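1. here is my input, please return the structure:
(chains A, B, C, D and E, ligands or ions: 4)
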Amino acid sequence: MLSRARLAPLALWALMLGFVLIAPAFLYPVFVMQLLCFALFACAFNLLIGFTGLLSFGHAAFFGGAAYIAGHVIKMWGFPPLLGIITGALFAAALGWVVGSLAIRRQGIYFAMITLALAQIVFFFVLQMPFTGGEDGLQGIPRGYLLGFIDLNQPLAMYYFVAAVFLVGFLLIYRIIHSPFGQVLQAIRENEPRALSLGYNVDRFKLLAFVLSAGLSGLAGSTKALVFQFASLTDAHWQMSGEVILMTLLGGMGTIFGPVVGAFIVVALQHVLSGIGSWVQVVIGGTFIACVLLFRRGIVGELARLLRISSL
Amino acid sequence: ADGVSDDTVKIGVLGDMSGVYSTGFSGDGAVSAVKMAVEDFGGTVLGKPIEVISADHQNKADVASATARQWIDEDKVDMITDLTNSAVALAVQQLASEKKVITIATGAASSALTGESCTAYGIHYGYDTHALPVGTATAVVKNGGDSWYFITADYAFGHALEQNTGDVVKKLGGSVLGSSDVPLASTDFSSYLLQAQSSGAKVIGLANAGQDTVNSIKQAHEFGIVEGGQQLAGMLVLISDVKSLGTDVAKGLQFTTGWYWNSDDESKAWKERYEKYSNGAAPTFVHAADYSLTMAYLKAVEAAGTDDSDKVRAELGKMKIDDFFAKGGQIREDGLLVHDMYLLKVKDGGTDPWDVAEVARTIPGNEAYPALADSGCPLVK
Amino acid sequence: MTIAVLKTGADAPVKPMLQIKDLHAWYGESHILHGIEMELGEGQLITLLGRNGAGRTTTLRAIMGMVDRRTGSIRINDEEFINKPAHRISPDGRIGYCPEERGIFGSLNVEENLMLPPKVGADGMPLEEIFSMFPNLADVRKRMGTRLSGGEQQMLAIARILRTGARLLLLDEITEGLAPVIVKTLGTVIRDLKKRGYTIVLVEQNFRFATTLADRHYVIEHGKVIDRIEAADVESSMGRLNHYLSV
Amino acid sequence: MTDYILEANDLTKSFGGFVAVNGVNLRIKRGSIHAIIGPNGAGKTTMFNLLTKFITPTSGKIMFNGKDITNWKASEIATKGIVRSFQISAVFPHLTALENVRLSLQTRLGVSYHFWRSKALLSELDAEAVARLDQVGLKEYAHLRAVELPYGRKRALEIATTLGLEPELMLLDEPTQGMGTEDVGAVTGLIGRVREGRTIVMVEHNLGVVAELADTITVLARGEVLAEGPYEEVSRNPLVMEAYMGVSAEEVEA
Amino acid sequence: MRLILAQGMLGLNNGVFYAMLSLGLAVIFGLLNVVNFAHGALYMTGAFLALILYSYLGPWLGLEWLQIGFWPSLILVPLLIAGFGMLIERFMLRWLYKFDPIYSLLLTFGVTLVLQGVFINFFNASGTPYPAMPEMLKGVVDLGFMKFPKYRLFVIVFSVAVCGVVWFIIERTRIGAQLRAGTENPELVKAFGINVPLMVMLTFGFGTGLAGLAGVLAAPIYSVSPLMGANLIIVIFAVVVIGGMGSIMGAVVTGFALGLVEGVTKVFYAPAANTMIFLLMVIVLLVRPSGLFGRQS
Ligand SMILES: Nc1ncnc2c1ncn2[C@@H]1O[C@H](COP(=O)(O)OP(=O)(O)OP(=O)(O)O)[C@@H](O)[C@H]1O
Ligand SMILES: Nc1ncnc2c1ncn2[C@@H]1O[C@H](COP(=O)(O)OP(=O)(O)OP(=O)(O)O)[C@@H](O)[C@H]1O
Ligand SMILES: [Mg+2]
Ligand SMILES: [Mg+2]
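-> Numbers count the residues shown, from 1 in each chain, chains lettered A, B, ... in the order given. Ligands and ions are numbered 1, 2, ... in the order given. Take a look at the predicted model:
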C-alpha cells in the first residue's frame, strides 16, 4: 500500500501529464498552449515567492522582455525557434541578474516596490525601443521549423513542442526545489539570520534564485511569443506581474503543483468571462481579496493540509 | 468550394468597446450599424442565417489577434470588421490573411493597411491617413499655415498620419519643425503643447484621434496657445469630438471625413433610421462605413454564391460601391476603397444638435487617395 | 533552592485594590509567568523583587495586557481585567504604567510626551504641580525626547502618568541607571505619592531603595512568587532575602 | 598562535547618536567559556552582532586567531569557524531536525549552489547528522519537524546545528532564556559537554548557569566593560554589585 | 530657459500629485506598516466621485437640478473616500496585520483591480472630462515666461498648503503626537489607554482621504479615467523608495522635487522623462539604500 503522502503527489503528476498529453483532443490547442505558458510562468515565479520568500512585483519584465527578444531574434535574425526561445530565456536571466542585484538590497515590502519600479523601466524601454514596435507590439513572429524539419505551423506539432517546453521547465523547477540549493533556499526563507550564521551567503543564494526564476519566466514568455506569434506590451505590463502573483497565490504558494492549478483557473476564468468585458478585472480582483483573506494557502496548499501532507 | 461553410455566414465585429475609441469610432455604435445592415439585408444570405458576433480588443494588438485566431479556428468566422486602431488592424489583417479570412477595416486609419502591409484578403474601407491630410492640410497650408509641429499618437496610426500629413505640407512648400510622440490615451498633453509652442510653428498638427484629440485641443485652449497665435489642425476629427469640445472651442476648425450625414438627403435619411435603431445615438462616418461594408460584403457573398473567401474577395473587387456612404466607390487590388471625401468646417449650431459643420469641399476619390500605380502594396507590383 | 509556600494575606486590613490569581503569560512560545499570585490594598505600596529575568517586568506587562497571551485572573477594584482589550485597561482600571525602558517617545518633545496619555480620572495632577514636583522638567519643556538625559527621561515617565489621574501606579525599575541624587529625589516623590493615597507596585533591583518605601515585598523567580515578606519582617528575613537576591 | 582566539580592540557601535557599545576591549582565551553579563540594554547582543558581522562596527578592530576579520562578511566568518546562536530560538521550523542539522554539514560538500542535482546526494550526511542529534539527546526526534519540538529541545537542536559547523568559537546568546528549570539544567549540561575542543562565549542572565560554566566573566554596563575576571572575583566587585545586582557597596559591607 | 521654467512649472504641477499621494502613503505606512497599493485607485475614485456628484448623481436620483460642484466636492469627496478607506481597513486589512505585510499589499492590489474594473465598466477606459471647473479659476495667469492656467496655479498653492497642514497636524498637534508615538511604540500607546485599532482605522481613512482630495484636484486637469491612478501609483512607489519612508517632510519634498526633475527632463530628452524617476531610484538604491530621508535600519 502506498501511503497517502506518496499517493497524492503521484496522482497529481499523473493528472497533469495526462492532461498535457490529451488536452488538444478536446480543447482548443492555442488555449491549452496559453495555459501551459502561464503555468510555467507561475511555477517560475513560485520558485521565488514560494521557495525563497521573495515577492517580486516585476516578473512581467522577464516574461515580456524575453518575449520581445525571442521574437526579434527569430523574426529579424532568422534564429530557429528553439534557439530563439532559449535566447529569450537567457536574456531574461541576465536581466534578472541586474534587477535582482539591485532589489535584494532591500527586503520585504521594499523589495516588492523596487522590483515593480525596475520592471517599469523595462516596460518603458520596450515601449520606446525601435525594434519593439511600441504600442503595436512585435507582430508576425514566424513559428518556423523545429530542428529544421518539424513544421510548427502545424497546430499539433506546435502544441507538443510547447508541451515539451513546459514539462522540461516544470521538471527543472521541481529539481531546483529538491536540490541541495533548494534546501538552502528553504532555510533562508524560514530563518534568514540563522542561514547566514551557518555560513550561507544569503544574498548570493537569493540572487541565483532570482536569476533562475527570471530565466524560466523568460522561457515561458518566449514560448508564448512563439505561440501567438506576437510580443506585446501586455506581456511586460505590471498587471501581468499582478496576474502571475494571483495565479501562484490562488494555487498555493510554495507548493509544487499550486501554480499550475492557479494558472489554469485564472486563464480559464479570463477565457470564460471574456464576454463580460471589464468585469473580468473585478472578478480577478475579488479572487485576489478572497484568497488573501480566506485561504492564504491556496487551493493545493489547502488540499495538502486536508490530506495532512507536508507538500504537494 | 461552393455554398456556405458551416451553414452560417458569421461576421465578427472586433472593436474597441471600452477604450479611447469606443465612442465615435467603434463600440456599440459599430455593432449596431453592422446588425442594422444584416437586418436590412434580410437576415439570411443564400438561404443561410447571418450571425454577428463582437468582442473588445481593448486597443491591444495581442488581445485582438488572439481573439481573431480563436474566431477563425474555433468559431469559423467568415469576415472580421471594424478593427479600429491601426495596430490591431495590421495584426489581425496579417493573421486572417494567413488563414484566408477576409478583413474589412473601418475605424483603423493607417495607410500601411493597403500599402506595404497589404494582403490578398485585407480591405480598408472608409478613409486612411493618406486621404485625411489631403483636405485639411492643404486647406491650412494654403491659408498661410506653412510651418508645422506634430503631436503624435505613439503607434502605427499616429506615425502614419504624421508622415502622410508631413508629405502634403512639404509638397505644398511648408516645413515640419518637429514632433512629440505621446502614448495612446494620455490625459495630460500640456508639456507636449509647450514644446510645440516653443518650436514657433504656426500650426500644431494633431496626429491623433478620439479622446486624445479632444484632450489636446482642450488643453491648448487652457494654456492660451490659440490666443497666442498658433493654429491647431486636427487631422482626424469626428463630429462627436466636435460636440464634446463644444462649438465655441471648436469654431473654425476644419477637418476631413469620409462621410457627413448632412451632405445629402440619402445620408440624412440613413442617419435618422440609424438613430432609431440604436436608441438615439447618432452615427459617425465610421458607423456609416460599417453599415455600408456589411451590405457590400453580403452582396458579394450572394453574387459569388458562396462564402469562400477567394470568390467573395473577387466579387468585392468587381462591384461598384455606390450608396449613401460611398459615392463612386471601388475596392482596388490593394484592398483600398477609393471614394469621395469631404472637408468640413465647424459652424455654429444648426437645428439638429449634430448639425455642427458644413461641407467646405468635396474631395474626389482620385485626389484623396494615391493612384494604384503609386500604392506601396507589393501585390500590385 | 527552597520554594516557600505563599502565605495569603487574609488579614489585610484595607480594601483590596489589585488581586492577581494564577497569572500565566507568554511571549510567543516562551512561557514566562507560571501562576503569579499577589494582592494589594488601596493606598499600599508593594515591591516585586527578584533576579534578572525572573519575570517581574512581565508581571506588570501582563497586567497591562502587553504580553502575547495571558491566563488567570486579574481583578482591580473587584472588576475582572483578564479579557479586557489592552487599550481599555488603563482607563477602566485607572492605572498608570511606567515601563522599564521608560517609553519616552523620541519624536515628541517633553510637553507632548506629558500630554500623550489620555486622562483616566478627574483628579489628575495639574501641569503646574507636576512641574513644581519635577523642576528639572520645567526647564526642558520643549526638548525632544531623545535629547533628555536618563534622569530626565525617568522623571518624565513618572510625571506623565501622574497627570492622567491614575490611582494605581505600576513602576518598573525607576531607579535603574540613575545617579544616587536622582534616586533620592524619586524616593521623596514616591513617599509623597503614597501619602496622597496612590496605590503603587514597584519593581526594583535596588533593594535599599525599596525597603524604605514598601508595605510588603514579593520575591519572584522563574515566573512564580516564591516568597512574600511584610515590611515588619524584613529585618528578620534578611538572610532569606540575601539568598534570593545575591549571587 | 596566540593564547587568545578572539580579540576585540576598542570596539564601538553607535546607532544614530546613541552609543550602544563604547570602546570595548575583549579577549577570549582559547578553550575557555567566557560569559558576558550585564543589565538589559548593556550592549551584549550588540556585541555578538558586531563579532559576527551581523552589524558593522562604527570603529574598532576584531582579530580572530591573530587575523584581522573586521572587514569579513557574515557568511565568511561563519564558515571560518565563528558561529552564533540567537537570543530567540533560531531553527528552521518546517524542516525536520535532521534537515536542520544537515544544513550545517552541507557547506562542506560544496554543492550548495548545485540547483541541477538531486538533494538525495545529501543523504550521505545523514549518519553524521544523526550522530550530532544523538549528542544533544535528540536522536529519536530526527524526523520531527523543528516546529513540533518543545522549546527546550529547540534550543538543543540549535546547538546541535551550530556544532555541525565544527566551530572553533561558539557564541551563545542567552541559551537558557525562556526555559523551565529542568531545561536549564539540561542545556547547562549540554554546554558543559560540547565545550571539549572549542571556545564558547555566552550571554546569560541566569547567574547559576554562569557560575557553573564560565571561566571568565565580562560585565558590560551601558556599552562599556565594567569588570572582568573569574566569577568569584567579579561577583564581589562592588561596581558590579551596584550596577548589575543592584546592591550598593555600603550594603555589601553592612 | 523659458522652456525649462515652463516645463518646470508643469513638473511642479505633477509633483503636487506625487507629493500628496506619497504623503498619504507615508502616513499609512508609518503607522500600519501597510503599503497601500490601492492608493492610486482611491485617487482615481476620488476624481470619479467628483464627476459623479456633478454630472451623474442628479440624473440617477431623478433630480436634474442636483449638481454638486467643485467646491463642495473638495470637502465631500475626501470624506467619502476616507470612509471607504476605513471600511477597507476595518473589514479586510485588520485581519492581516499579524501576517507578512506582503499580504496587505496583495489585498490592496486586489482592491485596485476591483475599483478599476468597476469604473471601466460604468465609464469605459477612456477619460471623461470633468466639466465643473470653478469659473473663478478659469483662464490663465501670465507668469512672464509662460501663460499658466489659473486653476493649475491654484492646485499648486492649495496642495502646498494641504501638505503644510498635514505636516502641522502630524508633527505639532496632540493627534499627531499620538500618531507619531503609535509609530514608535504602538504597544505602549495602547497601554496608555489609547484605542490604537480605532486610531489605525482613522489614520488609514485620513491617508486615503488625502488620495481622494488629490483625485478631486486632478479631475479638472486630467480627464477622469479609470486608469489614472494605476500608472501613478508605480511612480509614487519609486518616489517613496527614493525619499525613504522616514518622514512626512521627506515624502512631500521628494514628491515635489521629482515632479520638477521629471518636467525639466522633458526639455532635454523627452523620452527619458518617464524613466527618469526610476533611474533616480536605481541610483539612490546604489548609494543610499534606505532612501534620502529614510532612517538607516
Ligand atoms: N519580548 C520577549 N520575548 C521573549 N522573551 C522575553 C521577552 N521579554 C522578556 N522575555 C524573557 O522573559 C523572562 C522574564 O523577563 P522580565 O523582563 O519579566 O524579567 P525581570 O524580572 O523584569 O528582569 P530584568 O528586568 O532585571 O531583566 C526573561 O527570561 C526574558 O528574557
Ligand atoms: N538597531 C538599533 N538601533 C538603535 N539602537 C539599538 C539597536 N540595536 C540595539 N540598540 C540599543 O543598543 C542597546 C544595547 O542593546 P543590546 O541588544 O546589545 O542589549 P543587551 O545587552 O543584549 O540586552 P538584553 O539583555 O536585553 O538582551 C540598547 O539600548 C538597544 O536599545
Ligand atoms: Mg525587568
Ligand atoms: Mg540581548
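2. please make it C-alpha for all contacts and neighbour counts, starting now.
-> Will do.
3. ranges for the helices of chain D?
-> D:44-51, D:74-79, D:97-106, D:126-135, D:151-164, D:181-194, D:207-213, D:231-236, D:238-240, D:249-253 (DSSP state H).
4. B:Lys271 in helix, strand or coil?
-> helix (DSSP: H, G, I helix; E, B strand; the rest coil).
5. picking up where we left off before, check the helices of chain D for me and report the most buried one.
-> Of all the helices of chain D, helix D:97-106 has the most neighbours on average by mean count of other C-alpha atoms under 10 Å in any protein chain shown, namely a mean of 26.
6. what about the longest helix in chain E?
-> Assignment by DSSP H; longest helix in chain E turns out to be helix E:2-32.
7. and the helix or strand following that helix, is it in reach of chain B?
-> Later in the chain than helix E:2-32, the nearest helix or strand by DSSP states H and E is helix E:39-51. No: in terms of C-alpha under 8 Å from any C-alpha of the partner chain, no part of helix E:39-51 sits within range of chain B; the closest distance is 12.8 Å.
8. list the contacts of helix E:39-51.
-> E:21, E:25, E:69-70, E:73-74, E:77-78, E:81, E:112, E:115-116, E:130-131, E:208, E:211-219, E:224-233 (C-alpha atoms under 8 Å, 6 or more residues apart in numbering or on different chains).
9. the residues you listed, buried ones only, as a ChimeraX selection?
-> Restricted to buried positions by 16 or more other C-alpha atoms under 10 Å in any protein chain shown, the ChimeraX selection for the contacts of helix E:39-51 reads:
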select /E:21,25,69,70,73,74,77,78,81,112,115,116,130,208,211,212,213,214,215,216,217,218,219,224,225,226,227,228,229,230,232,233
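10. chain A next: which of the contacts of helix E:39-51 are close?
-> E:Thr112, E:Leu115, E:Gln116.
11. check contacts around the first one.
-> Contact partners of E:Thr112, counting by C-alpha under 8 Å, 6+ apart, are A:Gly285, E:Phe37, E:Ala38, E:Gly40, E:Ala41, E:Leu42.
12. specify the local secondary structure of it.
-> Going by three-state DSSP: E:Thr112 is helix.
13. helix or strand, whichever it is, which one in chain E has the lowest mean pLDDT?
-> helix E:174-184 (a mean of 78; mean pLDDT, DSSP states H and E).
14. output that helix in PDB with nothing but the alpha carbons.
-> Provided in PDB are the C-alpha atoms of helix E:174-184 (Å, rounded to 0.1, in the frame of the first residue of the first chain):
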ATOM      1  CA  ARG E 174      -1.800  66.100  20.100                       C
ATOM      2  CA  ILE E 175      -3.400  63.800  17.500                       C
ATOM      3  CA  GLY E 176      -0.200  63.900  15.500                       C
ATOM      4  CA  ALA E 177       1.700  63.300  18.700                       C
ATOM      5  CA  GLN E 178      -0.400  60.200  19.300                       C
ATOM      6  CA  LEU E 179       0.200  59.000  15.700                       C
ATOM      7  CA  ARG E 180       3.900  59.500  15.900                       C
ATOM      8  CA  ALA E 181       4.100  57.800  19.300                       C
ATOM      9  CA  GLY E 182       2.000  55.000  17.900                       C
ATOM     10  CA  THR E 183       4.500  54.600  15.100                       C
ATOM     11  CA  GLU E 184       7.300  54.400  17.600                       C
END
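15. any idea which helix or strand carries the residue positioned nearest the centre of chain A?
-> Note on chain A: the residue nearest the mean C-alpha position is A:Phe41, at 1.1 Å, using C-alpha atoms, centre = their mean. Taking DSSP H and E as the definition, one finds A:Phe41 inside helix A:29-49.
16. enumerate the positions of that helix that are buried.
-> A:29-49.
17. B:Ser199 and B:Ser179, how far apart?
-> 9 Å (C-alpha to C-alpha, to the nearest Å).
18. sorry, back to before: and the least confident helix or strand of chain E, what does it pack against?
-> Applying 3 or more C-alpha pairs under 8 Å, 6 or more residues apart in numbering or on different chains; DSSP states H and E, one finds that helix E:174-184 contacts helix C:110-115, helix E:2-32, helix E:150-172, helix E:186-191.
19. quick one: distance of that helix to the chain centre.
-> 21 Å (C-alpha atoms, centre = their mean, to the nearest Å).
20. distance to B:Val242 and mean pLDDT added to the helices of chain D, as TSV?
-> Below are these laid out as TSV (distance: least, C-alpha to C-alpha, whole Å; pLDDT from 0 to 100):
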stretch	distance to B:Val242	mean pLDDT
helix D:44-51	70	86
helix D:74-79	68	81
helix D:97-106	72	87
helix D:126-135	80	84
helix D:151-164	76	81
helix D:181-194	84	78
helix D:207-213	88	83
helix D:231-236	92	82
helix D:238-240	88	75
helix D:249-253	94	46
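21. now tabulate those in CSV and tack on distance to C:Ala159.
-> Converted to CSV, the helices of chain D look like this (distance: least, C-alpha to C-alpha, whole Å):
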stretch, distance to C:Ala159
helix D:44-51, 31
helix D:74-79, 44
helix D:97-106, 50
helix D:126-135, 54
helix D:151-164, 40
helix D:181-194, 39
helix D:207-213, 35
helix D:231-236, 35
helix D:238-240, 30
helix D:249-253, 30
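22. any chance of those in a markdown table, plus distance to chain E?
-> Converted to a markdown table, the helices of chain D look like this (distance: least, C-alpha to the nearest C-alpha, whole Å):
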| stretch | distance to chain E |
| --- | --- |
| helix D:44-51 | 14 |
| helix D:74-79 | 17 |
| helix D:97-106 | 23 |
| helix D:126-135 | 32 |
| helix D:151-164 | 22 |
| helix D:181-194 | 30 |
| helix D:207-213 | 30 |
| helix D:231-236 | 35 |
| helix D:238-240 | 31 |
| helix D:249-253 | 35 |
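23. list the contacts for the residue nearest to the centre of chain A?
-> A:Phe41 neighbours (C-alpha under 8 Å, 6+ apart): A:Phe63, A:Leu216, A:Ser217, A:Gly218, A:Ala220, A:Gly221, A:Val244.
24. surely the fifth one meets A:Leu40?
-> Yes: the pair A:Ala220 and A:Leu40 qualifies as a contact (C-alpha atoms under 8 Å) at a distance of 5.8 Å.
25. now the one helix or strand C:Ile130 maps to: buried residues?
-> When elements are assigned from DSSP H and E, C:Ile130 belongs to helix C:127-133. Within helix C:127-133, the residues scored as buried using 16+ other C-alpha under 10 Å are C:Leu127, C:Ile130, C:Phe131, C:Met133.
26. repeat for stretch B:337-345
-> B:Leu337, B:Val338, B:His339, B:Asp340, B:Met341, B:Tyr342, B:Leu343, B:Leu344, B:Lys345.
27. and of those, the nearest to chain A?
-> Nearest to chain A among the buried residues of stretch B:337-345 is B:Leu337, at 23.8 Å by C-alpha to the nearest C-alpha.
28. still on that earlier bit, so which of the buried residues of stretch B:337-345 sit within strands?
-> B:Leu337, B:Val338, B:Met341, B:Tyr342, B:Leu343, B:Leu344, B:Lys345 (DSSP state E).
29. let me have those in CSV, adding pLDDT and distance to ligand 1 as columns.
-> Below are these laid out as CSV (pLDDT from 0 to 100; distance: C-alpha to the nearest ligand atom, whole Å):
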residue, pLDDT, distance to ligand 1
B:Leu337, 88, 79
B:Val338, 87, 82
B:Met341, 87, 80
B:Tyr342, 87, 80
B:Leu343, 86, 79
B:Leu344, 85, 78
B:Lys345, 84, 78
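30. buried residues in the helix or strand encompassing A:Ile284?
-> Taking DSSP H and E as the criterion, A:Ile284 maps to helix A:279-294. For helix A:279-294, burial by neighbour count (16+ other C-alpha under 10 Å) applies to A:279-293.
31. and that helix, what does it pack against?
-> helix A:238-251, helix A:258-272, helix E:101-123.
32. quick check: mean pLDDT of stretch E:257-269?
-> On average, the pLDDT along stretch E:257-269 is 85.
33. hmm, it in reach of chain A?
-> No: counting by C-alpha under 8 Å from any C-alpha, chain A has no neighbours in stretch E:257-269; the shortest distance is 12.7 Å.
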